[in-house]
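>>> have a look at this prediction, sequence included:
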Amino acid sequence: RRVQVVRHKLEGRHMATVLMSELRESKVGWVKKSIAAGHLEQVILGPPGSHRRKCYSGHDQDLSVEDQARILIETACDEGILGRTWNGWSPQF
């Protein structure tokens, strides 16, 4: 399974598609509940108007290198993801 995930990432699949397929296999209770309610997908796709949402079609689709880079940078800077990933994270000004 891990090899398949890496292959999809290298092929340029949208990170939301790859990540959601990984999360659907989770055995963790809160992850299952969040997926069923649609919360995790909304967090992963980011706010309305985000580049992640604009490029997301909901099925396997290879993205351009430019789109992949923009999505990676946007995701890495997303406070909604950072705040959930790293307990106690907050922006420093």
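Noted; the coordinates are in hand.
>>> which strands and helices sit next to the top helix by length along the chain?
Counting by DSSP state H, the longest helix found in the chain is helix 65-76. Counting contacts by 3 or more Cβ pairs under 8 Å, 6 or more residues apart in numbering; DSSP states H and E, helix 65-76 packs against helix 15-23, helix 51-55. C-beta: built from backbone N, CA, C; applies to glycine.
>>> starting at the chain centroid, how far to the helix or strand of the chain with the lowest mean pLDDT?
Using mean pLDDT, DSSP states H and E, helix 79-85 stands out as the lowest-scoring helix or strand of the chain, at a mean of 74. Here helix 79-85 is found 11 Å from its chain centre; the criterion is Cα atoms, centre = their mean, to the nearest Å.
>>> quote the end-to-end distance of stretch 48-67.
17 Å (Cα to Cα, to the nearest Å).
>>> from the middle of its chain, how far away would it be?
11 Å.
>>> in that stretch, what's buried?
50, 52, 55, 56, 63, 67 (16 or more other Cβ atoms under 10 Å).
>>> nearest residue to the last one other than its sequence neighbours?
Which is residue 67. Excluding the flanking residues, the one nearest residue 67 by Cβ to Cβ, 6 or more residues apart in numbering is residue 55, at 5.2 Å.
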